[in-house]
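> Give me a 3D structure for the following:
(one chain, ligands or ions: 1)
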Amino acid sequence: MKYWSYLIAKLLAAAAVLWGFRKLVVWLVPPPKSVKYIQMKDPFATDLGYTFAVMLYCLFAAGLLWLIVLDQRYRCRTCLRRLRMPVHTGSWTHVLFGGPQTEYICLYGHGTLKVDDLQITGRHEPDWEPHEDIWKELYSLEETKK
Ligand SMILES: [Zn+2]
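Numbering: from 1, shown residues only. This is a model prediction of the structure:
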């Protein structure tokens, strides 16, 4: 729940930034003052400067959304910290016996994210595996020693 709430919060912040940026673009590139354009409400696709500005705005918005999704994908599902310590596993030369993967872990032991590096048969979604509580395991080991 916390994971998805964080994504929604980032999307709302991006929407606010994009709204402000859109106002800035309209302010910087005002519609032309000719009679023909006054009759139309939006000069998009008829005025080259305005259309080019809207195209740049759309590229910026798409890039911002892509960065948000990429950042969210590499976060811990429990504590929302960035996943660290990428470890490459598998082999590029022996794809049948375990293709190449990159594993990221949460530094606080909440889980592991496995991302396939080789995607021949279509896109594979990253595999998140939550870990058991490491303190429980350590306490149980200590109790068995007594
Ligand atoms: Zn974590």
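> make it CA atoms for all contacts and neighbour counts henceforth
OK.
> Three-state assignment for Val115, please.
strand (DSSP: H, G, I helix; E, B strand; the rest coil).
> which residue sits closest to it, ignoring its sequence neighbours?
Pro126 (4.7 Å; CA to CA, 6 or more residues apart in numbering).
> Double-check that Trp128 belongs to a strand.
Yes. Counting by three-state DSSP, Trp128 is found in a strand.
> so how far is His110 from it?
10 Å (CA to CA, to the nearest Å).
> OK, contacts around the residue nearest to Val115?
113-116 (CA atoms under 8 Å, 6 or more residues apart in numbering).
> got the contact list for Val54?
25, 44.
> try 10 Å this time
For Val54, the contact set (CA atoms under 10 Å, 6 or more residues apart in numbering) comprises 22, 25-26, 29, 44-45, 48, 60.
> Serialize those residues to JSON lines and add fields for distance to Glu143.
Listed next are these as JSON lines, based on distance: CA to CA, whole Å:
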{"residue": "Arg22", "distance to Glu143": "62"}
{"residue": "Val25", "distance to Glu143": "65"}
{"residue": "Val26", "distance to Glu143": "68"}
{"residue": "Val29", "distance to Glu143": "71"}
{"residue": "Phe44", "distance to Glu143": "72"}
{"residue": "Ala45", "distance to Glu143": "73"}
{"residue": "Leu48", "distance to Glu143": "75"}
{"residue": "Phe60", "distance to Glu143": "56"}
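> ok, of the residues you listed, which one's closest to Glu103?
Phe60 (30.4 Å; CA to CA).
> what's the farthest-apart pair in the contacts of Pro126?
Leu113 and Asp116 (10.0 Å).
> Can you check which residues contact both of the two?
Contacts common to Leu113 and Asp116, judged by CA under 10 Å, 6+ apart, are 101-103, 126-127.
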